[in-house]
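Novice: what's the 3D shape of this:
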Amino acid sequence: MPFELHLQYVPVYSKTSRTGSTTFHDDNLGIINACKRENAIWVLGHGVSREQAVLMRFKSIVEQLTLINYRYSYFDQLFSEHMKRDVIAPKITFGTYRSYLIVTEVDRDLEDLVTSEYLGKDEPDLTQLPMLILKNNYVIDRNTGNKLAISQRTIINVGYEFSENYGFSYVGCTNFEYLPEMK
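Specialist: Next up, the predicted model:
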């Protein structure tokens, strides 16, 4: 019986900015700053809060990545890479969830957009955060048409790779415990 998987994220643009080599930092600094600038543009252009701008940007990213280009979407390629076969990803949409935003460290040079709203507060309100919604817990093999279960390892890898590429921290997946533990 299929069920939706909800991959939850928190926007953290500073998380990759000070890790790894100088080359890694320099290569990713443009992406990190571009994300922050883009959200600032959404705030000003649409007259919304930073939280709403983050959600709007996330939705825009997801909509772009689900478009099919030369038979494949970004998610088709991502799932194919991690499952080591040519597959069609499940339908993926955008959603939100509410949670406390817990920040353990803040990089003052590249401050997290959402974190900055809550600095100095003892206990912030529940924040609306972005998530990917996978409409099924399986992919379809392009060659055979068979449904293949998505494993826990695949969800972790896909969640983290998306987060590394687009400036969000992967928090977890609902229904994760019901996924098979195979490779």
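Novice: next SSE downstream of the helix or strand bottoming out on mean pLDDT in the chain?
Specialist: Scoring the helices and strands of the chain by mean pLDDT, DSSP states H and E places helix 115-118 at the bottom, with a mean of 48. Proceeding N to C from helix 115-118, the next assigned helix or strand is strand 127-134, under DSSP states H and E.
Novice: for the protein, what spans make up the helices?
Specialist: Ranges of helices in the chain, per DSSP state H, are 22-46, 50-65, 74-83, 115-118, 152-166.
Novice: ranking these by mean pLDDT, which is last?
Specialist: For the helices of the chain, mean pLDDT drops lowest on helix 115-118, to a mean of 48.
Novice: burial measure for Ser151, as a count.
Specialist: By other CB atoms under 10 Å, 17 other residues sit near Ser151. (Each C-beta comes from the backbone N, C-alpha and C, glycine too.)
Novice: surely it meets Cys173?
Specialist: No. Checked against CB atoms under 8 Å, the pair Ser151 and Cys173 is beyond contact range at 11.7 Å.
Novice: what touches both of those two?
Specialist: Common contacts of Ser151 and Cys173, defined by CB atoms under 8 Å, 6 or more residues apart in numbering, comprise Leu179.
Novice: what about Thr66, neighbour count?
Specialist: 17.
Novice: ugh, typo on my part, it should be Arg71
Specialist: 9.
Novice: so how far is Pro90 from it?
Specialist: Using CB to CB, to the nearest Å, we find Arg71 at a distance of 17 Å from Pro90.
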